[in-house]
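Colleague: What would the 3D arrangement of this be:
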Amino acid sequence: MYIEQLYTGCLAEAAYYIESKGVAAVIDPLRETEPYINMATERNAKIKYIFETHFHADFVSGHIDLSRKTGATIVYGPNANPDYEVYVGKDEEIFEIGDVKIKLLHTPGHTMESSTFLLIDEQGKEHAIFTGDTLFLGDVGRPDLAIKSDLTQEDLAGHLYDSLQSKILPLPDSVIVYPGHGAGSSCGKNLSTDTVDTLGNQKQNNYAIREGLTKEQFIAEVTDGILPPPQYFPKNAMMNKMGYESYDDVLAKGSTGLTPDEVEQKMKEGVLVIDTRPHVQFEYGYIPGSMSIGLDGNFAMWVGALIYDINQPIIVVTEPGREQEAVMRLARVGYDNSIGYLAGSFDSWKKAGKPVDTIHVIHPKDLNELYHQDEGIKIVDVRTAGEYNSQYVVGADHYPLGYIMENLNQLDKDKKYYFHCAAGYRSMMAITILKNNGYNGDNLINIDGGFDEIIKTDLPTTEYVCPTTTMET
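Modeller: Residues are numbered from 1 along each chain as shown. Presented below is the predicted three-dimensional model:
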């Protein structure tokens, strides 16, 4: 028996490859199919099943393309009714993979089709559970994402409690828990940075499955403090339910090199340019009207949170050689209308004599001097509520990036603002969004190094409080 967790940090997502005697299964694959096909090929195995724990909301699964390329059967649990061919399994149905077995455990609650897959080893021992978004390490799945459901989040939380109590907790403490997500995902509010644990440890450390927890307590605690999900979640869930364009076609379309003249013309036609270079490069020169979302961060999550039209035509500017990576990561969250990239990166734009914009930047030590000269300067903190509440600059306005599109008019367009996040990645996004929505760029200054550098100065901050993880983007 062979098990491999394929963890993708920028999405905080875990897919799984399981193999026995040359027969393999994949659980919750990402959009690109090559990692799974290559692994099976290298190990001289054939993928027989693709198990989907539920209709994912935070990414587009690769199950359809993987099935088409390998002939593997897509398996969902009860209540699934997608618009393509799958096998809908029954509760406690057994699937054989070489000398091991997978038992489907229907665990509704996160969504009504949610299922956990129990791996039974060659000796018949209950070895591991692949829980999707039913059980995380440190938390359980949020109960407010069911597609077109007439159930309330309290109803779903009640179902989730019943699923955990009847299907998960009776399993041996030695069973390994392989969750669908880790810390950083918006699918739960208290996820651990660990990506694997035992059920016994979780019973001791996970508030949602602690001994003696009543159903009423569970519902109250699990639904407490749930923030609105990122706007792309229901769109991804519907793509996973209804089907989508071939990933290979999406990648081919997005891998078209465009000249500066072509990019300029496309922008006039309404195409969005996303500049994926590091923010420390972007600030010194970028295409006016483009948007900064760096690849070296939670790129796909921020695309999904900030670009409301999932069909928006997109051109990317990347560091040389990272063009296909950008298109791939757009496709992971369903932004399939990437029409190409700026050939030659930003250097070609400059060499063509095209207009260039920049971002004003201030170093924290200079901000410190400025602050003590004028305590009325406006500092804007775009971090999450959890980060802000843990410690912030005294007098700073909290303006979280995850909700900027709903709050574009909350700042005074005639005032000067100094923006920061933790290190500069998110504040650069915020500034470009505001500039593209009518704010004067001369009034928007990015604080170099963000809060990580601010706390090294004597700018007044509140006392540090250990933050509570939230689901805010």
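
Colleague: how's this structure carved up into domains?
Modeller: 2-235, 245-351, 360-454 (automatic domain parsing).

Colleague: Regarding the shortest one, how distant is the last residue from the first?
Modeller: Just to be clear, that refers to domain 360-454. 17 Å (C-alpha to C-alpha, to the nearest Å).

Colleague: buried sites along stretch 355-375?
Modeller: Within stretch 355-375, the residues that count as buried by 16 or more other C-beta atoms under 10 Å are Ile359, Val361, Ile362, Pro364, Leu367, Asn368, Tyr371. Placement of C-beta: from N, CA and C, glycine included.

Colleague: From the opening residue of it to its closing one, how far?
Modeller: Stretch 355-375: ends 36 Å apart by C-alpha to C-alpha.

Colleague: can the domains of the chain go into JSON lines with extra columns for mean pLDDT?
Modeller: Listed next are the domains of the chain as JSON lines, based on pLDDT from 0 to 100:
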{"stretch": "domain 2-235", "mean pLDDT": "95"}
{"stretch": "domain 245-351", "mean pLDDT": "97"}
{"stretch": "domain 360-454", "mean pLDDT": "95"}
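
Colleague: could you dump the ones you listed to TSV with distance to Pro460?
Modeller: TSV is the format used below for the domains of the chain (distance: least, C-beta to C-beta, whole Å):
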stretch	distance to Pro460
domain 2-235	28
domain 245-351	26
domain 360-454	4
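
Colleague: Can you tell me which of the ones you listed is nearest to Thr462?
Modeller: Taking C-beta to C-beta, domain 360-454 is the member of the domains of the chain nearest to Thr462, at 5.6 Å.

Colleague: what distance separates that closest one from the centre of its chain?
Modeller: 24 Å (C-alpha atoms, centre = their mean, to the nearest Å).

Colleague: any residues touching stretch 257-270, and which ones?
Modeller: 273, 287, 289, 313, 315, 323, 339-343, 348-349, 352, 354 (C-beta atoms under 8 Å, 6 or more residues apart in numbering).

Colleague: Which of those ranks first by neighbour count?
Modeller: For these, neighbours were counted using other C-beta atoms under 10 Å, and Tyr341 has the most, 26 neighbours in all.

Colleague: OK, contacts around that residue?
Modeller: Gly254, Ser255, Thr256, Gly257, Leu258, Ile315, Val316, Val317, Thr318, Glu323, Ala326, Val327.

Colleague: The closest residue to Lys90 other than its chain neighbours: neighbouring residues, count only.
Modeller: Leaving out its chain neighbours, the residue that sits closest to Lys90 by C-beta to C-beta, 6 or more residues apart in numbering is Pro78, at 6.6 Å. Pro78 is flanked by 16 other residues according to other C-beta under 10 Å.

Colleague: Met239 and Ile27, how far apart?
Modeller: Taking C-beta to C-beta, to the nearest Å as the measure, Met239 falls 19 Å from Ile27.

Colleague: can you check Arg383 too?
Modeller: Taking C-beta to C-beta, one finds Arg383 at 33 Å from Ile27.

Colleague: Double-check Thr443 against Lys416; I have them as touching.
Modeller: To be clear, residue 443 is Asn; Thr isn't right here. Yes: contact criterion C-beta atoms under 8 Å: Asn443 and Lys416 qualify, at 4.4 Å.
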